[in-house]
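with the input below, show me the fold.
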Amino acid sequence: MARGESRDPDSKNKRHLPEIHSVLRATATAAAAGTLVIWWPAFTFGAYNAIFFDNVLALWAVATAVLLSGLVLHRRVTVPWRNWIALLIPSAWIVLGMTAPRSRGFHYLHYIEVAITILGAPYLTWLLSKILMSDYDELPAAERYGAVGITVAIGIIAFLLGKFNDLFLTCADFDVSGNNNPPGCAPGPPFHLR
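Below is the predicted model:
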């Protein structure tokens, strides 16, 4: 490269895309993070009337990673006690599941699992966005709550898609993906793009 020549490719050949507003970027990032946490548990709850253990353990892993980060940095940062409690809830569920007798009809544990997963995801969205995005607190309140609202909306839509999966999926779609067929799935071949 010759002296004084720019390292960037010729700017005449670059596509000029509009700059994305920082409020949109922060809100969309928070909403996307939350929907990655909530959509599959909500779908399986709709389709199977169950939240799979791997969904609960994924929520536990994220909450525990944030919790441990706070513990490691406790001398430099303070985390409000209610956040510590919220981050401990998935661990409490696991301990409760280990200690509750399985043969004496502790069916309510399933409902605790559902509540922790479905209600915990929007809260984790808010908490993780607050921790991971430096400009999250600078967002107007409507956008901050909007990201959590989007997470809740996606959770509700995913639940309904799971509940009414027979309208757009077949039993073979579940077979091909390695899942068990949910009750009431539609018979037929798997969906293929042609």
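
how close does residue 127 sit to residue 63?
9 Å (Cβ to Cβ, to the nearest Å). Using the backbone N, CA and C atoms, a C-beta is placed for each residue, glycine as well.

meant to ask about residue 140, not that
27 Å.

list the contacts for the residue lying closest to residue 130 once chain neighbours are set aside?
In space, and not counting its chain neighbours, residue 130 is closest to residue 136: 5.3 Å by Cβ to Cβ, 6 or more residues apart in numbering. Contact partners of residue 136, counting by Cβ atoms under 8 Å, 6 or more residues apart in numbering, are 26, 30, 129-130, 144.

from residue 31, how far off is residue 25?
Distance from residue 25 to residue 31, by Cβ to Cβ: 11 Å.

out of these two, which sits in the busier spot?
Using other Cβ atoms under 10 Å, the more surrounded residue of residue 25 and residue 31 is residue 31, with 21 against 13.

pLDDT of whichever helix or strand that one is part of, averaged?
Using DSSP states H and E, the element containing residue 31 is helix 22-48. Averaging pLDDT along helix 22-48 gives 84.

which SSE is immediately downstream of that helix?
Taking DSSP H and E, what comes next after helix 22-48 is helix 53-72.

buried set for that following helix?
55-56, 58-60, 62-64, 66-67, 70 (16 or more other Cβ atoms under 10 Å).

between the helix or strand following it and helix 53-72, how many degrees?
Proceeding N to C from helix 53-72, the next assigned helix or strand is helix 81-99, under DSSP H and E. Inter-element angle recorded for helix 81-99 and helix 53-72: 140 degrees (by axes from the mean of the first three to the mean of the last three Cα atoms, to 10 degrees).

how far does helix 81-99 sit from its chain's centre?
Averaging C-alpha positions (Cα atoms, centre = their mean, to the nearest Å) puts helix 81-99 18 Å from its chain's average.

what's the local residue count around residue 159?
So residue 159, with other Cβ under 10 Å, has 20 neighbours.

identify the residues contacting whichever strand or helix holds it?
Take DSSP H and E as the rule and residue 159 turns out to sit in helix 141-163. With Cβ under 8 Å, 6+ apart as the contact definition, helix 141-163 has outside contacts at 23, 26-28, 30-31, 34-35, 37-48, 118, 121-123, 125-126, 129, 136, 168, 182.

give the buried subset of these as a ChimeraX selection command.
The ChimeraX command for the buried members of these (criterion: 16+ other Cβ under 10 Å) is given here:
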select :26,27,30,31,34,35,37,38,39,40,41,42,43,44,45,46,47,48,118,121,122,123,125,126,129,136,182
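
quick revisit: which one of the buried residues of helix 53-72 is nearest residue 94?
Using Cβ to Cβ, residue 60 is the member of the buried residues of helix 53-72 that sits closest to residue 94, with 6.3 Å.
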